[in-house]
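> please work out how this folds:
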Amino acid sequence: MVDLAVVGAGPCGLSAGVAARQAGMDCVILEAGCVVQSITMYPTYGTFFSTADRLELGGIPFTSAGHRPTRREALNYYRRVAREFRLCVRQYEEVLDIRGRAGSFLLETRTMAGENRCYRARNVVLATGYAGSPNFLGVPGEDLPKVSHYFTEGHRYYDQDCVVVGAGNSAVEASLELFRSGARVTLVHFLDRLDPGVKPWILPDIENRLKRGEVQVRWDTRVTEILPDRIRLRHEQTGKASELSNDFVLAMTGYHPDPRLLGGLGVTIDDGTGIPEHDPGTMETDVPGVFLAGVLAGGNRPDRIFIEDGRHHGPLAVRCILARRGLDPSTDIALGVPPGQRPVDLEADGPPSQEELERA
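Modelled structure (predicted):
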């Protein structure tokens, strides 16, 4: 039996694990992919909207060569956090089901090798993010190999006809990278303008590419069908149909949290907003002992919660658990403390081994 099981090893899940270690709790973090899997899906040469100090966990400084950190710098940083705090992260182990009640939850998992495992925990933090659940277009042909809901770099699309669906940051960054990699790019969006949240430092770049015709655009247009060598489009205002020769489709239409584990636990989820019932001051849901961290708390609008916000959710949960035990919920837990001032000796008290967990 561990004090806390965290589902998801993104920055918000790691933050919960760090807070638990600072509080002297036994904690296991279960992750279907690798540590900060979602960041590995970012564009290879992308930069964060947040500055480095707003991405820090546990008081460990995040230094960056530029004003805003890069994907590679973030991957290096979060690996360092996991290593410095000796977090017990079970990578490539997917949580299939959670049941039970506060004080005795059972988590069933499956490893990449197909081994089924069980864990018991007194409390659970769900920090599953949204990167694994893209918003599908819902059109015929979307399952073709030429279609992707993720973009990392443009080289593989050199000299190819590419359609980018969407007009937010992901779509704009993909379009610019494709253009610079020698692809022929057409941006397709159902509105008549770019999204207002496009990063201000890349906005002039995409506007200039559009004005010069270096990136083609179809405003007020939706994709209606994807074929092996072309796509079909429909104008929103006139209903006029058209076709484009096409080699690849990059559907940068965003992502949504997967509420299945929450629903299985009986957490109430608002039908309109998709927001799980929870206390913002503790991040505890209406099922005692079940907490949220990260974009899950945003429901249908996960874009309202960023790492710089979600990194505080796990510490709030840990403080709640401490207070419930009658212990002092130190404010140091919420903000993180430097490694030299941790309330537990991490060198002497490492994470539980798999054998110890199985014996428990």
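
> would you map the helices across this protein?
Using DSSP state H, the helices of the chain run over 11-22, 37-40, 71-84, 169-180, 203-211, 260-265, 307-310, 313-324, 331-335, 354-359.

> give the buried residues for the third one.
The neighbour-count criterion (16 or more other Cβ atoms under 10 Å) identifies 71, 73-75, 77-78, 81-82, 84 as the buried residues of helix 71-84. Backbone N, C-alpha and C define where each C-beta goes, glycine included.

> residue ranges of each domain in this protein, please.
Under the assignment automatic domain parsing, the domains of the chain span 2-133+255-359, 147-251.

> what about the first one, average pLDDT?
Domain 2-133+255-359 shows an average pLDDT of 88 in the prediction.

> centre of the chain to stretch 69-85, how far?
In terms of Cα atoms, centre = their mean, to the nearest Å, the centre of stretch 69-85 is set 15 Å apart from its chain centre.

> what is the neighbour count of the residue lying closest to residue 118 once chain neighbours are set aside?
Closest residue to residue 118 apart from its sequence neighbours, by Cβ to Cβ, 6 or more residues apart in numbering: residue 108 at 5.7 Å. Counted with other Cβ atoms under 10 Å, the neighbours of residue 108 add up to 14.

> next: the one 10 residues further on.
Summarising burial for residue 118: neighbours were counted as other Cβ under 10 Å, giving 11.

> residue 116 now?
Quick note: residue 116 (other Cβ under 10 Å) scores 9 neighbours.

> residue 108 versus that one, what's the distance?
Residue 116 is 7 Å from residue 108, where distance means Cβ to Cβ, to the nearest Å.

> before we move on, what about residue 10?
Separation of residue 10 from residue 108 (Cβ to Cβ) stands at 21 Å.

> what residues are up against residue 306?
Counting by Cβ atoms under 8 Å, 6 or more residues apart in numbering, residue 306 touches 49-50.

> quick check: the gap between it and residue 238.
Here residue 306 is placed at a distance of 38 Å from residue 238 (Cβ to Cβ).

> strands of the stretch 251-360 of the chain, start to end?
Applying DSSP state E, counting those that start in this stretch to the stretch 251-360 of the chain gives strands spanning 290-292.

> follow-up on the earlier one: so for residue 140, which of the domains of the chain sits nearest?
Between residue 140 and the domains of the chain, the tightest spacing by Cβ to Cβ is seen for domain 147-251, at 4.8 Å.
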